[in-house]
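> mind folding the following:
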Amino acid sequence: MLIPPRAILFGVTGRVVDTITGAAQSWSLGVAGDTGRFGTGLGVALNSWVNGPAPPIVYWEATPLVVSAQGGDFAGGAVRLVIHYANLSLPAPV
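Numbering: from 1, shown residues only. A predicted model of the protein is given here:
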């Protein structure tokens, strides 16, 4: 998933929708350079969640989310993520 360019980001939320398998004890969610920005030590069980508010910050370029395994590797599972942001619209041309 990408945070859109020029977005004013408020945070990222998510839920484990298929149990995360493998040696990973937990996971983190962030961006390159700050892989725990939205949460660390997150659960691997079905319905575990992340609610990662952030101080409003502008991402000037499309920025991928980074999901990282902690304590081992991922083997399977799925997380549904939602990026919460605002985009400013230009006035209509004249």
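> so what does the lengthiest strand in the chain touch, helix or strand wise?
The residue-count maximum for a strand in the chain (DSSP state E) belongs to strand 7-22. Packing contacts for strand 7-22, counted by 3 or more CB pairs under 8 Å, 6 or more residues apart in numbering; DSSP states H and E, involve strand 26-31, strand 49-59, strand 74-86. For every residue, glycine as well, the C-beta is placed using N, CA and C.
> among those, which is nearest Val16?
Closest to Val16 of those, according to CB to CB: strand 74-86, at 5.4 Å.
> return the alpha-carbon coordinates of that closest one using PDB.
Extracted in PDB, the C-alpha atoms of strand 74-86 (Å, rounded to 0.1, in the frame of the first residue of the first chain):
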ATOM      1  CA  PHE A  74       6.400 -14.500   8.200                       C
ATOM      2  CA  ALA A  75       5.100 -17.700   6.600                       C
ATOM      3  CA  GLY A  76       1.600 -16.700   5.800                       C
ATOM      4  CA  GLY A  77      -1.500 -14.700   6.900                       C
ATOM      5  CA  ALA A  78      -3.100 -11.400   5.900                       C
ATOM      6  CA  VAL A  79      -3.600  -8.000   7.400                       C
ATOM      7  CA  ARG A  80      -6.200  -5.500   6.100                       C
ATOM      8  CA  LEU A  81      -4.800  -1.900   6.300                       C
ATOM      9  CA  VAL A  82      -6.500   1.500   5.900                       C
ATOM     10  CA  ILE A  83      -4.600   4.700   5.400                       C
ATOM     11  CA  HIS A  84      -6.400   7.800   6.800                       C
ATOM     12  CA  TYR A  85      -5.500  11.000   5.000                       C
ATOM     13  CA  ALA A  86      -6.700  14.200   3.400                       C
END
